[in-house]
Structure formats: C-alpha cells, structure tokens
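Enquirer: quick one, fold the following:
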Amino acid sequence: MNTNKMSNFRWSICALLFFATTINYLDRQVLSLTWKDYFVPEFHWTDSDYGTITALFSIFYAASMLFAGRFVDWMDTKKGFLWAIGIWSIGACIHAFCGIATSGALTGNWFVGFSGAKQAISAVGNTSLVLSTSVSLFIFARLILAIGEAGNFPAAIKATAEFFPKKDRAFATSIFNAGATVGALAAPVTIPYIAKYGGWEMSFIIIGALGFIWMGFWMALYQKPEKHPKVTAEELAYIQQDIVVHEQVSEPLTAASPVKKLSFLDCLGFRQTWSFAFGKFMTDGVWWFYLFWSPAYLKDIYKMDGTQSSVPLFVLYLITLLSIIGGWLPSYFVSKKQMDPYAGRMKAMLIFAFFPLLALLAQPLGHYTYWLPVIIIGIAGAAHQAWSANIFSTVGDMFPKQAIATVTGIGGMAGGVGAFLINKGSGMLFTHADEVQMRFMSFQGKEAGYFIIFSVCAVAYLIGWIVMKALVPKYDVIKVD
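Expert: Coordinates of the predicted model:
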C-alpha cells in the first residue's frame, strides 16, 4: 500500500455506485415509458392492469429487499452486488420476449420474431386472453427484475459505510442516489426513441445490457479499503476515523478483525430499525408513483405520447438533481452547528418534508399550463431524493457495519409495501374515476383521481418524520458486544 499521501479512491467507488443506481432506474423506467403507446393497443392493458403490474413489482421488490440485505451481508459487498446487477439485467432483457411468449402461449408457435409475434397477437380474437396472458408474463419479468434490483441499495449503502466516515456518508449517498435522478432523466430522452425506431423490445434489451458492462468495472475496481492497493494509509485512517472516535479502537480495522453478526430478530428489536422502516414505508411509494405514473399523467391529462412528453419529463427529473443539497445540508449542521449526525440529519429531513406539500397545487395549477405540475413534481421529487439520502444514512449513523445491509433491507421491504399500496390503489382509482367520471372537489374523472393521490404524496413526509422522531428522539448508537 502506498503511504506517501492521502488518496481519494473512495470517490471512484462512489462513482461506480452512482452508475449502478443510474442503470437500476433506467431499467425500471422502460415499462412506464412504453406501455401507454405500445401495450395498450397491442395487449389491451388498462390503468388497473398497469397498476397491478407496478404494485406487484413493488411487493416483489419489498420482499426481495428483506432478503437482499441479508444476502449482501452474507456474500459481502463485491459478490453481492455482482449477483444483484446480473439478475436484474437478465430480468430487464426478459421483458423484450414477453410478446413472443404471449404469441406462443396463445397460438402454439413459439418460433417467431418480434414482428411475427405482433401479427399473431393481433389475429387472436379473444382480447381478454391476450390481456391476461401478457400481464402474467410481464409480472414474471418484473419479478426477476425486482429480485435483482432489490440488492442495489443494500449493497451501495454497505459500500458507502465501508469507504466513507459518518460525516461524509450523507454526501456520498446523495451523489450515488442522484443516479436515480440521472437514470430517470436519461430515460425519457432515450427510451421512447429507441422504442419508436427500434421497437419496444429493443428498448428493454439495450437498456438491460448496460448492467453487464458495469459488472466488468466492478470486478476490476472493487476491494475493501483495508485491502485495496489504491487506498493509502492516510485515506484508510480518514475512512475509519469513526472507529477511533466512537469505538475507541487504537488502530484501523484489518481484514482479520472479528465481527459479531446480527440476525433479523436482533435488528427488529431496535427502535432505530422501526424508525427507519416507517420512514421508508411512508415515503418510498411517493417517489415510485412519480416515477411510474408521470408519463401516464402527461398522456392522460395532456394527451402527450412518449416522444412529446420526453422534454417535460426531462425537465421534471432535471429539477430533482437539486437533491444534491440533501447531502450538503446535514454536513453543514454537523460541521458548522456542532450537531451530532442524527440531529443534523433529522433537522435537514424536516426541512425537506415541507417541500412535497407543493404537490397539493399540482393539479389545480395544471389548468393554466402543464409546466406548472411538471415543475412542482420535480421539486417534490428533489425533496424526496434529498430525504432518501439522509434516511439511508441514519442506518450507517447508528448501526454497526455488519448490520447495515440487513437493516437497509428491512426498511426497503417496508418501503416496497408502501409502494405496492400506492401503485395498486392509483391504478384502481384512475380506472374507476374514468369509468364513472368521479367528482372530487372541483375535479372530474382522472383529474380527480390524480388530485387525490397528489394530496397523499404531499403529506407523507411530515407524517413519516413525526413518527421517526417519536421512535428515536436523539442520537443512539447500537452497541454490539
């Protein structure tokens, strides 16, 4: 190990985590950007069908998160991340063949190309059978995608805890978590055009293949900091400064240092786990609603197709890049105001919790121009990502490294359950509101449905913060004997 000067290799690891998260969000966005234009006419989907698929993806993701964190802790960071991105990249590519599988299941001819499958499906007279078969196949593809994608955040949070001291983790997390925004940002300006000129199938294949490229870089570059030849002794001491300060260990840990494992039941016995899980339950679904339903919102309310909505969606997700403040603000409170990490993070999260209240105005102001709800949703999305970077970091603040991925997985499951409820509920509500032309406040039909869901999204963060603060009112580090 070179010990001449302070290295900064930890930021290279942060960059890898950023690109993995970018790919993660690109893969999950392909369906939301293609289903209205292609699957409604080809497979006869409704809002309720799409809501079912996204809701089940959320619950698959939730259940997988519970085990993904444990899997990453068991396999350790490098192998765990490789398995995760490999599985979700395969799952992303499987979507492309759901049309062929639908054709094969209905006609018995499995050896057709993409265009041949379309022709065979269009010749089937029973549209209900086409719908149910295609939905079932896409649910299976989403299951594989969810199992793999569930490993991204537990592995990324664990890698961040390994390579960054506590005071830098929120900033590092906000950087790699910005990959979610960049993935969402890149999606509307790439995927609709790939689908338009290459077919919707190629959009799944091309985006899915990016994960296999990332795996090569991860295999070449990742090792634990105490083993990595590019990490100097000075950087290692900087990374492990909390071990000296908080655990009063005289020397940095080595690869041979013994650690005690914490079981699921052990983790569930801490109020800190329940605080994190409730915060995720209340807020993860909000981001997933914005992610999965914003393209449909512009299609339903403003009659835009995928390419027409690409610029508004690009602007929407560009605004969410403001979330980088989510990493800077708590660091300011800790460094300048001398707060402990948890107090600084909670104060920042309270500030971020007020911005989503703007979503109450999204639908009313949308009657003037679609740009107003686009900007409001973008600001609410930025607030979510800033909140998300900090709520993830509360785990690293209070739990030992060997439990971080497990606790992150538990919280991820809770977030997935919340996302299931909002996605399934949204699909059912929008279909019902459209069929009966439901009235609510001054809105009618789908506009009434969107106003109701925007209102739920608006208040979720304040509710989450209040309960989190009640469960863990002050900084309380978990000690493992």
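
Enquirer: for this structure, where's the lowest mean pLDDT among helices and strands?
Expert: Least confident element among the helices and strands of the chain, by mean pLDDT, DSSP states H and E: helix 241-246 (a mean of 61).

Enquirer: downstream neighbour of it in the secondary structure list?
Expert: helix 264-268 (DSSP states H and E).

Enquirer: part of a strand, is V124?
Expert: No. The assignment for V124 (DSSP: H, G, I helix; E, B strand; the rest coil) gives coil, which keeps it out of a strand.

Enquirer: what's near enough to touch it?
Expert: Residues near V124 by C-beta atoms under 8 Å, 6 or more residues apart in numbering: 106-107, 130. Every residue, glycine included, has its C-beta placed from N, CA and C.

Enquirer: if we use 10 Å, what do you get?
Expert: The contact partners of V124, taken as C-beta atoms under 10 Å, 6 or more residues apart in numbering, are 102-103, 106-107, 130, 133.

Enquirer: again, but for F420
Expert: F420 touches 54-63, 284-285, 288, counting by C-beta under 10 Å, 6+ apart.

Enquirer: nearest to N126, of those residues?
Expert: L56 (23.3 Å; C-beta to C-beta).

Enquirer: quickly find the element holding the closest one.
Expert: Element membership of L56 [criterion: DSSP H and E] is helix 47-75.

Enquirer: repeat that for I191.
Expert: I191 belongs to helix 166-198, assigned by DSSP H and E.

Enquirer: and the helix or strand just after that helix, what does it pack onto?
Expert: Once the chain leaves helix 166-198, the next helix or strand it forms, by DSSP H and E, is helix 200-221. Here helix 200-221 touches helix 10-34, helix 77-94, helix 98-107, helix 114-122, helix 127-149, helix 166-198, going by 3 or more C-beta pairs under 10 Å, 6 or more residues apart in numbering; DSSP states H and E.

Enquirer: any idea how far the helix or strand G279 falls within is from the chain center?
Expert: Here G279, judged by DSSP H and E, is contained in helix 271-302. Offset of helix 271-302 from its chain centre (C-alpha atoms, centre = their mean, to the nearest Å): 9 Å.

Enquirer: return the helix or strand following it as PDB; C-alpha atoms alone will do.
Expert: Downstream of helix 271-302, the next assigned helix or strand under DSSP H and E is helix 310-319. C-alpha atoms of helix 310-319 as PDB (Å, rounded to 0.1, in the frame of the first residue of the first chain):
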ATOM      1  CA  SER A 310     -39.900  13.500 -23.300                       C
ATOM      2  CA  VAL A 311     -38.900  17.100 -22.900                       C
ATOM      3  CA  PRO A 312     -41.400  17.800 -19.900                       C
ATOM      4  CA  LEU A 313     -40.200  14.600 -18.200                       C
ATOM      5  CA  PHE A 314     -36.600  15.500 -18.800                       C
ATOM      6  CA  VAL A 315     -37.200  18.900 -17.200                       C
ATOM      7  CA  LEU A 316     -39.100  17.200 -14.300                       C
ATOM      8  CA  TYR A 317     -36.200  14.900 -13.500                       C
ATOM      9  CA  LEU A 318     -33.600  17.600 -14.100                       C
ATOM     10  CA  ILE A 319     -35.200  19.600 -11.300                       C
END
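
Enquirer: and the contacts of whatever helix or strand comes next after helix 310-319?
Expert: On the C-terminal side of helix 310-319, the closest following helix or strand by DSSP H and E is helix 325-336. The contact list for helix 325-336 (C-beta under 10 Å, 6+ apart) reads 166-178, 339-349, 351-352, 382-391, 393-394, 397.

Enquirer: and the angle for helix 325-336 with helix 166-198?
Expert: For helix 325-336 against helix 166-198, the angle by axes from the mean of the first three to the mean of the last three C-alpha atoms, to 10 degrees is 170 degrees.

Enquirer: any weak-confidence spans in the protein?
Expert: With pLDDT under 70 as the threshold, the chain has low-confidence stretches at 1-4, 243-261, 326-327, 480-481.

Enquirer: so which bits of the longest helix seen in the chain are buried?
Expert: The helix spanning the most residues in the chain, taking DSSP state H as the definition, is helix 401-436. The neighbour-count check on helix 401-436 (16 or more other C-beta atoms under 10 Å) flags 403-431, 433-434 as buried.

Enquirer: same question for stretch 470-481.
Expert: For stretch 470-481, burial by neighbour count (16+ other C-beta under 10 Å) applies to 471-472, 475, 477-478.

Enquirer: with secondary structure added, can I get these in JSON lines?
Expert: Below are the buried residues of stretch 470-481 laid out as JSON lines (three-state DSSP):
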{"residue": "L471", "secondary structure": "helix"}
{"residue": "V472", "secondary structure": "coil"}
{"residue": "Y475", "secondary structure": "coil"}
{"residue": "V477", "secondary structure": "coil"}
{"residue": "I478", "secondary structure": "coil"}
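
Enquirer: put together CSV for the residues you listed, with distance to K196 on each row.
Expert: Formatted as CSV, the buried residues of stretch 470-481 follow (distance: C-beta to C-beta, whole Å):
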residue, distance to K196
L471, 49
V472, 49
Y475, 52
V477, 53
I478, 51
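
Enquirer: identify the farthest-apart pair in these.
Expert: The most widely separated members of the buried residues of stretch 470-481, counting by C-beta to C-beta, are L471 and V477 (15.4 Å).

Enquirer: how many neighbours does P400 have?
Expert: 18 (other C-beta atoms under 10 Å).

Enquirer: again with L360
Expert: Quick note: L360 (other C-beta under 10 Å) scores 16 neighbours.
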